[in-house]
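Trainee: Let me see the structure of the following:
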Amino acid sequence: MEQLVVHIKKKNKLAFIKELLKAFDYVEVLEPSQLSAKEKKWLAGLEESVQQVNQHKQGKIKLKSAKALLDEL
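Mentor: Presented below is the predicted three-dimensional model:
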């Protein structure tokens with residue numbers, strides 16, 4: 001099974017997107033309340049990482065290089 005994270009920019013379109021996805025018998029839509037604590041923590045970390053990459057692209061922050069991360073180990 002593959003997973004996909006979708007960010008809906010307009011809240012008023014959320015219900016429509018959910019209904020659309022539920023119409024496909026091969027798609028399972030999980031609400032945040034159905035996620036385990038481990039899954040919620042993982043998604044929060046993923047979201048933070050995406051935000052950092054976006055800030056880096058905008059020139060707002062500087063990220064460490066892979067070499068710097070390895071040197072810390």
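
Trainee: Low-confidence stretches in the chain?
Mentor: Counting by pLDDT under 70, the chain shows no low-confidence range.

Trainee: Now with 80, please.
Mentor: Residue ranges of the chain with pLDDT under 80: 32.

Trainee: Please enumerate the helices of the protein.
Mentor: All helices of the chain, identified by DSSP state H, fall at 14-22, 37-57, 66-72.

Trainee: now the spatially most central residue of the chain: how far from Phe16?
Mentor: Geometric centre of the chain, nearest residue: Glu47, 4.6 Å, by C-alpha atoms, centre = their mean. Using C-beta to C-beta, to the nearest Å, we find Glu47 at a distance of 23 Å from Phe16. Placement of C-beta: from N, CA and C, glycine included.

Trainee: In this structure Lys18 contacts Val29, no?
Mentor: Yes: using C-beta atoms under 8 Å, Lys18 is in contact with Val29, at 5.9 Å.

Trainee: and the residue nearest to Gln55 when sequence neighbours are not counted, how many neighbours does it have?
Mentor: Nearest residue to Gln55 in three dimensions, chain neighbours excluded: Ile61, at 4.6 Å (C-beta to C-beta, 6 or more residues apart in numbering). As a burial measure, Ile61 scores 12 neighbours (other C-beta atoms under 10 Å).

Trainee: Could you check how far Val29 is from Glu19?
Mentor: Going from Val29 to Glu19 by C-beta to C-beta gives 9 Å.

Trainee: Comparing those two, which shows the higher neighbour count?
Mentor: The neighbour comparison of Val29 against Glu19 (other C-beta under 10 Å) goes to Val29, with 13 against 10.
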